[in-house]
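**Student:** give me the fold of what follows.
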Amino acid sequence: MDFQQARFNMVEQQIRTWEVLDQAVLDALFEVPREHFVPDAYRQLAFSDIRIPLGLGQAMMYPRVEARMLQALNPGPRDRALEIGTGSGYVTALLAHFASSVVSIEIHAAFTDGAAKKLRSRDVTNVALVNADGVRGYPAQGPYDVIAVTGSFARRQPAIEAQLTIGGRLFVVLGNGPAMEAVLVTRTAEQAWTAESLFETELEPLIGAETPPQFVF
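**Tutor:** Predicted structure coming up:
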């Protein structure tokens with residue numbers, strides 16, 4: 001398979017058409033090889049407009065959502081980033097491409113181990129992987145300039161937002177399926193945050209953040 005052509009097609013047909021015009025983000029999508037981070041069984045589909053299964057009931061985001069998230073967060077070379085949900089390690093690698101350092105927290109040890117091997121093989125050295133429950137973020141190494149949440153929450157999480165620096169940005173998908181929205185939260189002052197709705201999407205809840213079932217009597 002011609003991965004370079006498939007990558008080009010993904011950027012031109014999926015990413016640009018979804019309002020991702022930041023050239024630095026587009027360049028990163030060419031430089032960080034997505035096919036390296038998908039499970040071997042799905043490598044031929046690395047650039048397809050699908051959510052690639054990772055096992056354990058988890059899946060990668062759509063490529064277009066990954067790109068929009070990166071564009072909204074706009075990580076810079078002095079930024080410290082937190083990723084909640086390592087998964088395949090692909091978003092981790094994208095964040096590491098821009099930020100000075102990345103802490104990525106993952107509840108599944110198998111994902112942490114797999115991502116560690118893939119990141120090492122790409123000589124990504126500015127990432128710290130933590131195998132733990134990230135449903136409340138990871139304040140131990142905060143505050144962070146950028147926080148990327150790769151699972152959804154039913155509503156905003158003040159405890160995680162409090163881990164942002166002033167000026168820091170958080171990307172998260174909020175709501176209950178199928179009506180969910182991607183939101184960018186920015187901390188504007190010590191006790192002030194703004195929230196901007198970016199687009200509609202759907203994403204599985206972060207483990208531990210599932211909405212209890214509603215019983216009808």
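
**Student:** from now on I want contacts and neighbour counts done on CA atoms only, so please keep to that.
**Tutor:** Fine.

**Student:** how about the residue most central in space within the chain, nearest residue that isn't a chain neighbour?
**Tutor:** Of all residues in the chain, the one closest to the mean position by C-alpha atoms, centre = their mean is residue 150, 4.3 Å from it. Excluding the flanking residues, the one nearest residue 150 by C-alpha to C-alpha, 6 or more residues apart in numbering is residue 85, at 5.5 Å.

**Student:** now do the end-to-end distance for stretch 167-183.
**Tutor:** Distance across stretch 167-183, first residue to last, is 16 Å (C-alpha to C-alpha, to the nearest Å).

**Student:** for it, what is the distance to the chain centroid?
**Tutor:** Mean-position distance between stretch 167-183 and its chain equals 11 Å (C-alpha atoms, centre = their mean, to the nearest Å).

**Student:** could you point out which element follows the strand or helix carrying the residue nearest to the centre of the chain?
**Tutor:** According to DSSP states H and E, residue 150 maps onto strand 144-153. Of the helices and strands lying after strand 144-153 in sequence (DSSP H and E), the nearest is helix 158-161.

**Student:** mean confidence for that following helix?
**Tutor:** Regarding helix 158-161, the rounded mean pLDDT is 98.

**Student:** next helix or strand past that helix?
**Tutor:** Counting by DSSP H and E, what follows helix 158-161 is strand 164-176.

**Student:** what's the following helix or strand after that next one?
**Tutor:** strand 179-189.

**Student:** mind giving me the packing neighbours of that following strand?
**Tutor:** strand 164-176, strand 192-201 (3 or more C-alpha pairs under 8 Å, 6 or more residues apart in numbering; DSSP states H and E).

**Student:** of all those, which lies closest to residue 4?
**Tutor:** strand 192-201 (27.4 Å; C-alpha to C-alpha).

**Student:** flag every buried residue along that closest one.
**Tutor:** For strand 192-201, burial by neighbour count (16 or more other C-alpha atoms under 10 Å) applies to 193, 201.

**Student:** that one pairs with which strands, parallel or anti?
**Tutor:** strand 179-189 (antiparallel) (DSSP bridges).

**Student:** now do the strand it pairs with: everything it contacts.
**Tutor:** Applying C-alpha atoms under 8 Å, 6 or more residues apart in numbering, the contact partners of strand 179-189 are 72-73, 161, 164-175, 193-203.

**Student:** what's the answer for stretch 29-47, then?
**Tutor:** In contact with stretch 29-47 (C-alpha under 8 Å, 6+ apart) are residues 1, 3, 6-8, 10-11, 52, 54, 63, 67, 88-90, 93-94, 97, 115, 118.
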